[in-house]
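Q: build me a structure from this.
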Amino acid sequence: MTASHEPQPPAAPRSAAWFGTEGRNGFIHRSWLRNQGHGPEVFDGRPVIGIGNSWSELTPCNAHLRDLAEAVKRGVWQAGGFPLEFPVMSLGEPLMRPTTMLYRNLLAMETEETLRANPLDGVVLLSGCDKTTPAMLMGAASVGLPTLMVTGGPMLNGKFQGRDIGSGTDVWRLSEEVRAGRMSPADLTDAEACMSRSSGHCMTMGTASTMACVVEALGVQLSGGAAIPAVDARRRAIAQESGRRIVAMVGEDLRPSALLTREAFENAIRVNAALGGSTNAVVHLLALAGRAGVPLALDDFDRLAADVPVLVDLMPSGRFLMEDFYYAGGLPVVLRELDAMGLLHADAMTGSGRTVGEEVAGARCWNREVIRTAEEPFRPAGEGTVVLRGSLCPDGAVLKVSAASPELLRHRGRALVFDRVEDYIAAADDPDLPVDPSTVIVVRGAGPRGYPGFPEVGNVPVPKVLLEAGVEDVLRISDARMSGTGYGTCVLHVAPEAAVGGPLALVRTGDWIELDVPARRLDLAVDPAELAARTPAPVATEIPARGWARLYVEHVQQADVGADLDFLTGGSGDGVPRHSH
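A: Alright, predicted model coming up:
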């Protein structure tokens, strides 16, 4: 059971160590801030609230966050605080190469160091695109100042040729239609403008929407905030409310340690299962738990989700999009359904100062096609993300059952192996590629160290020769990740990865591979003596010459523990650093 949070007696704010001091240092800290037009009253001991903004025109999902920052500032001023906005590195999936996951830990480090180095008493984090949300929260959790998140919200539904289309999901689907000769390249070009027609992040239940819902389930985003469309005025209203609330949280000393509890993580895991959410939530929650000091293991994601039905009919597993989800009642309805099933820690504390059970007690559903009940779920229990073990993945792998083909969940086939994803892409359209519907496509060298950076390439395209024959899915196995908007029978996050000598490096074309999802097994059906005699494929990563990539490759952990850097786990605290002058 989670103990209720009791407000603490008021104490001198942390920022007083900067603004409340006399002499030269106090003069420096106050005087230079006054060049922005602030009067002396802002230094009277009121809480100083940082607004961490991942706005960038290079991150289309986050390009509207300046507007939300202004709304947060209004709320902070209303509540008697002093808001100060600051930028952080912005990680945008649409443009960044080789992968934003290479930089998640860098953004987490930047957030952590910025919070600790500055005169801040609390923080509101503005995020949106996939990695900005977990990265910023990881950094804030390590420092421990009172924290709220405001995610940027999803785009409006895409509209193309009289039907709704979803970001990411229909990118994969329509491009496959072109490869199969069932859609013209001109129509694909037309779809570009039709899919992304407003500000916001992916409106499918991809990683951005998943992580927005996850942080709401963790209690770090105010109730109902995850699903509001980016362009809806109610998103600015909840941003303003968050500004007011963070000032109160500072007064109550309500910190991430009171929110990011084991119970809250269990709630988040079950929410992800009920949403048919992204497999990426697994690696992000593991990393966040490591920062928060909460024991969490890969197998928890399978065990805790086993009794959770998929309640939400959203792409990529279903039909609808986030705009529909919000109008149907959003995440509070899902949380209330889980509570009714006895699958929610309703006493877990949230940033509002109330428990999650109190927050969702009055939630009502307005569209049961979009959000189903436990009695009539969209998919039965056990069809979220499962964890596999076996000789091919001794430290685990994951598969999203709701996005997979049922006939492939028990499968035996011969491997077709590629050491680099580029090698497979170059071969995928070859009419003479030696594949049939039973072939198992193995792509390795794409794990945390191997790429480097752990890219979203696990849902590689189906071979063209099979698409033309009407085959839409094959079993694909890799040490990579998959876009949360993706679909298909894709085994991901194979650990240990090939680049560090995992069994995936021993697989050869023609080997038999056996997948048994009900038994949670993934095995390489090769005699152990033969395997012992094999030399691993030469897919180990060379250490980059310089910069962040070198530091990353030297210290990144494996997928099964969250792919954080080994020296960043745990907390650093909010102690006031030594003087700068």
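Q: now do the strands in the stretch 101-250 of the chain.
A: With DSSP state E, counting those that start in this stretch applied, the stretch 101-250 of the chain shows strands at 122-127, 147-151, 158-160, 163-165, listed in chain order.
Q: what about the second one, average pLDDT?
A: Per-residue pLDDT over strand 147-151 has a mean of 98.
Q: cool, and the first one?
A: For strand 122-127, the mean per-residue pLDDT is 98.
Q: listing partners with orientation, what would you give for it?
A: strand 48-53 (parallel), strand 147-151 (parallel) (DSSP bridges).
Q: in the stretch 451-581 of the chain, which spans are helices?
A: 464-467, 528-533, 547-555 (DSSP state H, counting those that start in this stretch).
Q: which one of these has the poorest average confidence?
A: Lowest mean pLDDT within these: helix 528-533, a mean of 90.
Q: nearest to Thr210, of the strands of the stretch 101-250 of the chain?
A: With C-beta to C-beta as the criterion, Thr210 lies closest to strand 147-151 of those, at 10.8 Å. From N, CA and C alone the C-beta is placed, and that goes for glycine too.
Q: now what about that closest one, what contacts it?
A: Outside strand 147-151, the residues that touch it by C-beta atoms under 8 Å, 6 or more residues apart in numbering are 68, 72, 122-128, 133, 136-137, 140-141, 201, 208, 211-212, 215, 220-222, 225-226, 238-239, 242, 245-246, 249, 255-256, 351.
Q: from the strands paired with strand 122-127, which stretch is densest packed?
A: Comparing the strands paired with strand 122-127 on average neighbours per residue, with mean count of other C-beta atoms under 10 Å, the densest one is strand 147-151 at a mean of 30.
Q: export it as CSV, just CAs?
A: Extracted C-alpha coordinates of strand 147-151, given in CSV (Å, rounded to 0.1, in the frame of the first residue of the first chain):
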residue,chain,number,x,y,z
THR,A,147,8.2,17.8,-10.9
LEU,A,148,5.2,17.8,-13.3
MET,A,149,5.2,17.0,-17.0
VAL,A,150,3.0,18.6,-19.7
THR,A,151,3.2,16.5,-22.9
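Q: want to try JSON lines for the strands paired with strand 122-127, with distance to Arg372 as columns?
A: As requested, the strands paired with strand 122-127 are exported to JSON lines (distance: least, C-beta to C-beta, whole Å):
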{"stretch": "strand 48-53", "distance to Arg372": "36"}
{"stretch": "strand 147-151", "distance to Arg372": "24"}
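Q: now for those strands, which one comes closest to Asp299?
A: Of all those, strand 147-151 comes closest under C-beta to C-beta, at 27.4 Å.
Q: list the buried ones in the longest strand along the chain?
A: Ranked by residue count and defined by DSSP state E, the top strand of the chain is strand 410-418. Applying a neighbour-count criterion of 16 or more other C-beta atoms under 10 Å, one finds His411, Gly413, Arg414, Ala415, Leu416, Val417, Phe418 buried in strand 410-418.
Q: distance of the residue nearest to the first one when sequence neighbours are not counted from Ala193?
A: Closest residue to His411 apart from its sequence neighbours, by C-beta to C-beta, 6 or more residues apart in numbering: Leu515 at 4.7 Å. For Leu515, the distance to Ala193 equals 40 Å [C-beta to C-beta, to the nearest Å].
Q: how about Phe160?
A: Taking C-beta to C-beta, one finds Phe160 at 9 Å from Ala193.
Q: quick one: mean pLDDT for the longest helix along the chain?
A: Longest helix of the chain, by residue count under DSSP state H: helix 233-252. Average pLDDT, helix 233-252: 98.
Q: run the angle between it and strand 147-151 for me.
A: 170 degrees (axes from the mean of the first three to the mean of the last three C-alpha atoms, to 10 degrees).
Q: which other helices and strands contact helix 233-252?
A: With contacts defined as 3 or more C-beta pairs under 8 Å, 6 or more residues apart in numbering; DSSP states H and E, helix 233-252 has these neighbours: strand 48-53, helix 65-78, strand 122-127, strand 147-151.
Q: relative to helix 65-78, how tilted is it?
A: Counting by the same axes, to 10 degrees, helix 233-252 lies at 40 degrees to helix 65-78.
Q: of all the residues in helix 233-252, which ones are buried?
A: 235-236, 238-252.
Q: next one: stretch 65-82
A: 65, 67-77, 79, 81-82.
Q: tell me where this protein is predicted with low confidence.
A: 1-10, 540-541 (pLDDT under 70).
Q: 50 instead?
A: Scanning the chain for pLDDT under 50 picks out the ranges 1-3.
Q: coming back round to it: the helix or strand just after the longest helix of the chain: how far from the chain's middle?
A: Of the helices and strands lying after helix 233-252 in sequence (DSSP states H and E), the nearest is helix 256-259. Taking C-alpha atoms, centre = their mean, to the nearest Å, the mean C-alpha location of helix 256-259 is offset from the chain mean by 19 Å.
Q: now do helix 256-259: which elements does it pack against?
A: Applying 3+ C-beta pairs under 8 Å, 6+ apart, we find helix 256-259 packed against no helix or strand.
Q: rerun at 10 Å
A: Counting contacts by 3 or more C-beta pairs under 10 Å, 6 or more residues apart in numbering; DSSP states H and E, helix 256-259 is packed against helix 132-143, strand 147-151, helix 233-252, helix 280-292.
Q: dump the ones you listed into JSON lines; add distance to Pro448 as well.
A: Listed next are the helices and strands packed on helix 256-259 as JSON lines, based on distance: least, C-beta to C-beta, whole Å:
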{"stretch": "helix 132-143", "distance to Pro448": "15"}
{"stretch": "strand 147-151", "distance to Pro448": "25"}
{"stretch": "helix 233-252", "distance to Pro448": "33"}
{"stretch": "helix 280-292", "distance to Pro448": "9"}
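Q: the ones you listed: which one's closest to Trp366?
A: Using C-beta to C-beta, those put helix 233-252 closest to Trp366, at 14.8 Å.
Q: CA atoms of the closest one as PDB?
A: The C-alpha coordinates for helix 233-252 follow below in PDB (Å, rounded to 0.1, in the frame of the first residue of the first chain):
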ATOM      1  CA  ALA A 233      -7.600  24.900 -26.100                       C
ATOM      2  CA  ARG A 234      -8.000  22.400 -23.100                       C
ATOM      3  CA  ARG A 235      -4.300  21.500 -23.500                       C
ATOM      4  CA  ARG A 236      -3.300  25.100 -22.800                       C
ATOM      5  CA  ALA A 237      -5.800  25.100 -19.900                       C
ATOM      6  CA  ILE A 238      -4.200  22.000 -18.300                       C
ATOM      7  CA  ALA A 239      -0.700  23.500 -18.900                       C
ATOM      8  CA  GLN A 240      -1.800  26.600 -16.900                       C
ATOM      9  CA  GLU A 241      -3.300  24.400 -14.200                       C
ATOM     10  CA  SER A 242       0.100  22.500 -14.100                       C
ATOM     11  CA  GLY A 243       1.800  25.900 -13.500                       C
ATOM     12  CA  ARG A 244      -0.500  26.600 -10.600                       C
ATOM     13  CA  ARG A 245      -0.100  23.100  -9.200                       C
ATOM     14  CA  ILE A 246       3.700  22.900  -9.300                       C
ATOM     15  CA  VAL A 247       3.900  26.000  -6.900                       C
ATOM     16  CA  ALA A 248       1.600  24.100  -4.500                       C
ATOM     17  CA  MET A 249       3.800  21.000  -4.900                       C
ATOM     18  CA  VAL A 250       6.800  22.900  -3.800                       C
ATOM     19  CA  GLY A 251       5.000  24.200  -0.700                       C
ATOM     20  CA  GLU A 252       3.900  20.600   0.100                       C
END
